[in-house]
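J.: Build me a structure from this.
(one chain, ligands or ions: 1)
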Amino acid sequence: MSQIKHHITDPMLVAYAAGSLEHPFALVVAAHVSLCEECRVQLGAHEAVGGALLDGQAVHAVSVSMKDALLAQLDVVPAAEPDQTCERSGAYPGPVMKALKGKPPRWKSVGGGVRQTLLHVDDDGSVRLLYIPAGKAVPDHGHNGIELTLVLQGAFSDEAGRYGVGDLEVADDTLEHTPIAEQGAPCICLAATDAPLRFNRLIPRLLQPLLRI
Ligand SMILES: [Zn+2]
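T.: Have a look, this model is predicted:
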């Protein structure tokens, strides 16, 4: 039985199914879905509904002749490249391995024993792997937007609860938190944000531009 207690919110799953989620969040959703059968089933349902809606729109919006022309074009369009999915490796699910281009993470220290590997940054936000040694904390911070954190190894606890492997925390601008890794294995997380974090202490704030958090 699945140990996952914290799942993707339904609106986020719908946005992911529609392909309208920003890349940093989409990677976290893909990674959670690869670990969570419950969300996989939900996603399948959303995709089926989305497909049915598209079919309905096509019938109404496209005239018969135009539809024939479109279908004729489809015949000559080469088949889409198969999605190059990567195999899971250690704590890293397939979508994360794909983002790592199949290589091990290249960790950089962010202080206090915490390390990160930046996977992607663009105008929509950023997504990174975080490595938090057992018993250590990520500096306390708030959020200007949304932060999604998916646990890949170990577990952490903060003001909102306890998160183990596969659990997803959705933090918004109302949550100020200090995630602390549990004793045992180091905690490895996949974390995505759509806006810079707000650190409450000076040193992390000064380092922020360097770390691109
Ligand atoms: Zn789930």
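
J.: burial count for Arg115?
T.: 19 (other C-beta atoms under 10 Å). Using the backbone N, CA and C atoms, a C-beta is placed for each residue, glycine as well.

J.: Next secondary structure element downstream of the lowest-mean-pLDDT helix or strand in the chain?
T.: Least confident helix or strand of the chain, by mean pLDDT, DSSP states H and E, is helix 64-76 with a mean of 57. Heading C-terminal from helix 64-76, the first helix or strand you meet, by DSSP states H and E, is helix 94-99.

J.: Now the element after that following helix, going C-ward?
T.: strand 108-111.

J.: Who are the packing partners of that next one?
T.: The criterion is 3 or more C-beta pairs under 8 Å, 6 or more residues apart in numbering; DSSP states H and E, and the helices and strands that strand 108-111 contacts are strand 114-122, helix 202-211.

J.: which of these has the lowest average pLDDT?
T.: If you rank the helices and strands packed on strand 108-111 by mean pLDDT, helix 202-211 sits at the bottom with a mean of 62.

J.: Contact residues of this protein facing the ion?
T.: For the chain, the contact set with the ion under C-beta under 5 Å from the ion comprises 7, 36, 38-39.

J.: Distance to Ala17, secondary structure and neighbour count added to the residues you listed, as JSON lines?
T.: Shown next, in JSON lines, are those (distance: C-beta to C-beta, whole Å; DSSP: H, G, I helix; E, B strand; the rest coil; neighbours: other C-beta atoms under 10 Å):
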{"residue": "His7", "distance to Ala17": "15", "secondary structure": "coil", "neighbour count": "19"}
{"residue": "Cys36", "distance to Ala17": "15", "secondary structure": "coil", "neighbour count": "21"}
{"residue": "Glu38", "distance to Ala17": "15", "secondary structure": "helix", "neighbour count": "12"}
{"residue": "Cys39", "distance to Ala17": "11", "secondary structure": "helix", "neighbour count": "23"}
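
J.: I'd like those laid out as a markdown table, including distance to Trp107.
T.: Shown next, in a markdown table, are those (distance: C-beta to C-beta, whole Å):
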| residue | distance to Trp107 |
| --- | --- |
| His7 | 28 |
| Cys36 | 26 |
| Glu38 | 31 |
| Cys39 | 28 |
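
J.: between the residues you listed, which is nearest Met97?
T.: Taking C-beta to C-beta as the measure, Met97 lies nearest Cys36 of the residues of the chain next to the ion, at 17.3 Å.

J.: Would you agree the closest one is in contact with Gln3?
T.: No: with contact defined as C-beta atoms under 8 Å, Cys36 does not reach Gln3; the gap is 10.2 Å.

J.: Name the residues contacting each of those two.
T.: Gly166 (C-beta atoms under 8 Å, 6 or more residues apart in numbering).

J.: and the residue most central in space within the chain, which of the three is it?
T.: For the chain, the residue nearest the mean C-alpha position is Val28 (1.1 Å; C-alpha atoms, centre = their mean). Using DSSP: H, G, I helix; E, B strand; the rest coil, the structure places Val28 in helix.
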